[in-house]
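Asks: following is a predicted model, sequence given first.
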Amino acid sequence: MGIALVFPALPTVTLAVTGRVERFPIRRIFCVGRNYAEHAREMGADDKEPPFFFTKPADAVVESGGTIPYPTATTNLHHEGELVVAIGKAGVMVTEDAAAAMIWGHAAGNDLTRRDLQADAKASRRPWDMAKGFDKSAVVGAIRPGSIPDGTLRCLVNGVIRQEARLSDMIWSPPAIIAALSQLVSLAPGDLIFTGTPAGVGPLVRGDSCRVEIDGLQSATVTIA
Ligand code: MN
C-alpha cells in the first residue's frame, strides 16, 4: 500500500525533450551568479571570483511559449538569457571529468530577476531568494540530449537583440560548474543548472516578448502579460 497523504501531492514538474515523447522530470534548480566577465563588471563585481550559487524552486519553471503575469513586488523585472544544463546522473564532490559524464542535456533559459529586490538584498546583505526564486521565474526551452552547445547565445526583446555572447566566453564551463556545485550539495538526476548570463541584462515591461536563442537548441520564449 502507498503512503496515505493528507491531500494529493502536486505532480512533478517536467520539461519537453527535443525528439522524444518522454519528458524530463525536474528535481531542483541551481543558478550560477556570475559567469561572463563583462556581465560581472556591469554588476560591479570582480570577474575572477569562483562561481557562487543560488536556487529557484522546481515549480518556478515556465515552458517556452508561456505567458506570465508581470511579477508582484517589483518595478524592475530583468531578463537573463542563459544556457541551462540538465543533470542525468548523481554525483557529489566530483572532478570535472566525472562532472561531464553527469550531463544529460541542455536547454535555453531565462533567469527572470526582480533586479530592484536583488539590489536591496545586496545592499542589506540579505538573501536573494525573493529576487530570484519567485513564481514563474525560470523560463526553459526543450532539453536537447547530448553534447554541450558551443555556439552563440542571444536574448531578444520584441525581436531586438539585448544580449549576445559566445558560450565559449563563459568563465566556468558546465563541467567546472558541476564540479564546483557538487562540493556543496549532492547532485541528482533531474537537477537543472542555469549557467549564468552575459552582459546586456535589462528590463522587461508588460506586453514584451522575450526570446533566448542558443544555436542548436529550442528557444526559450516568454511573454509578459
Ligand atoms: Mn542569472
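Replies: Good, I have the coordinates.

Asks: count the neighbours of the nearest residue to I103 once chain neighbours are set aside for me.
Replies: Spatial nearest neighbour of I103, excluding adjacent residues (CB to CB, 6 or more residues apart in numbering): V85 at 5.9 Å. Heads up, the C-betas are built off the backbone N, CA and C, glycines and all. Counted with other CB atoms under 10 Å, the neighbours of V85 add up to 27.

Asks: spell out the secondary structure type for V85.
Replies: Taking DSSP: H, G, I helix; E, B strand; the rest coil as the rule, one finds V85 in the strand state.

Asks: so in terms of bridging, what pairs with the residue nearest in space to the middle of the chain?
Replies: Geometric centre of the chain, nearest residue: F194, 3.0 Å, by CA atoms, centre = their mean. Applying DSSP bridges to F194 gives these bridge partners: C31, V84.

Asks: shouldn't it be in contact with F30?
Replies: Yes. At 7.2 Å, F194 counts as touching F30 under the criterion of CB atoms under 8 Å.

Asks: wasn't D135 part of a strand?
Replies: No. In this structure, D135 is coil, not part of a strand, as judged by three-state DSSP.

Asks: look up how far W128 lies from it.
Replies: 15 Å (CB to CB, to the nearest Å).

Asks: check L117 too.
Replies: From L117 to W128 the distance is 8 Å (CB to CB).

Asks: among these two, which residue is more densely surrounded?
Replies: Remark: of L117 and W128, L117 carries more neighbours, 21 against 17, as counted by other CB under 10 Å.

Asks: list the contacts of that one.
Replies: 73-74, 130-131 (CB atoms under 8 Å, 6 or more residues apart in numbering).

Asks: for K89, same thing?
Replies: Counting by CB under 8 Å, 6+ apart, K89 has contacts 101-102, 104, 189.

Asks: also Q183?
Replies: By CB under 8 Å, 6+ apart, Q183 lies in contact with M93.

Asks: how close does it get to D116?
Replies: Counting by CB to CB, the gap from Q183 to D116 is 32 Å.

Asks: ok, how many other residues are close to T18?
Replies: Counted with other CB under 10 Å, T18 comes out at 16.

Asks: show the pLDDT at it.
Replies: According to the prediction, T18 has pLDDT 98.

Asks: likewise the one 4 residues further on?
Replies: The predicted local confidence for E22 comes out at a pLDDT of 98.

Asks: how about D47?
Replies: The model's pLDDT for D47 equals 67.

Asks: swap in H39?
Replies: 83.

Asks: can we start the residue count at 39 from this point?
Replies: Sure, I'll start numbering at 39, so the last one becomes H77.
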